[in-house]
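> Take a look and give me a structure for this.
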Amino acid sequence: IDDRDRRDRIELQTEHWTTQMPRLVDAYLEYRSRDSGDGFPPLDDAEPPLLPSSGTINNIELVDLFVFPTLAISIRTLSAFRQAHRTCPRFNIQAQCKALCHLHNFTVAFDIYLEIIHHVEQRMQKALGRDAPDWRLHNECPACFYRLEDEPSLTFDWLVSIDGNNSLKRWDTSLYGVKPLEDSRTSRSTYWLSEEDVDRFKDEVK
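Next comes the predicted model:
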């Protein structure tokens, strides 16, 4: 009897990629250091090895899919899609896959590419001394509260839009009696507070 299910598929995938992430970030930074002026190394770099399972992206400029690599997608392709999606959000992964005729594992590779970019950002913020949890609160938020002398008061000091998390409540699996999908990934933005941080003040609401 095969008792496996797809509930922990994403979590297992995340664990495999997390193990490789430090090496991937180092390889990506080394790759970008060979800049040819447009942000990417020249196309006439050293010939890549024939096997994508070599475990590096330094030379082959590819992201290998974990454990049993069957497909490699170039860093250039992932970067091109990232910029295209930022300028035209309607241009989604499905459209990109159809354009490239790569219908398998592009979503996974793009998720890992974004994870690499996130880790690069983390290293940069740490080098700049901006990695404290409350750095944004002390250095960016004060600008919103800054007032000039004799500045006239506004009718509304703050404009806030809150939906009471109604949109997120639609994803509560307990409402539909289904098994929740295991996924330990969290939001990467420093603008967001974790659920644990918010719950610390839940009893103070009046």
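
> OK, contacts around the closest residue to Arg185 other than its chain neighbours?
Sequence neighbours aside, Thr14 is the residue nearest to Arg185 in space, at 6.0 Å (criterion: CB to CB, 6 or more residues apart in numbering). For glycine as for every other residue, the C-beta is placed from the backbone atoms N, C-alpha and C. Taking CB atoms under 8 Å, 6 or more residues apart in numbering, we find Thr14 in contact with 183-185.

> what about 10 Å?
Residues near Thr14 by CB atoms under 10 Å, 6 or more residues apart in numbering: 8, 111-112, 115, 182-185.

> for the protein, which helix is longest?
What stands out as the longest helix in the chain, according to DSSP state H, is helix 9-33.

> Excluding residues flanking it in the chain, which one is nearest Ile116?
Nearest non-adjacent residue to Ile116 (CB to CB, 6+ apart): Tyr28, at 5.0 Å.

> Based on its surroundings, how many neighbours for that neighbour?
Counted with other CB atoms under 10 Å, the neighbours of Tyr28 add up to 20.

> wouldn't it be in contact with His118 here?
No: using CB atoms under 10 Å, Tyr28 is not in contact with His118; the gap is 11.3 Å.

> Please determine how far Ala127 is located from Glu121.
The gap separating Ala127 from Glu121 is 11 Å, by CB to CB, to the nearest Å.

> Check Asp203 too.
With CB to CB as the criterion, Asp203 and Glu121 are 35 Å apart.

> more crowded one of these two?
Applying other CB under 10 Å to Asp203 and Glu121 shows that Glu121 carries more neighbours, namely 11 against 7.

> Right, I'll call it a day here.
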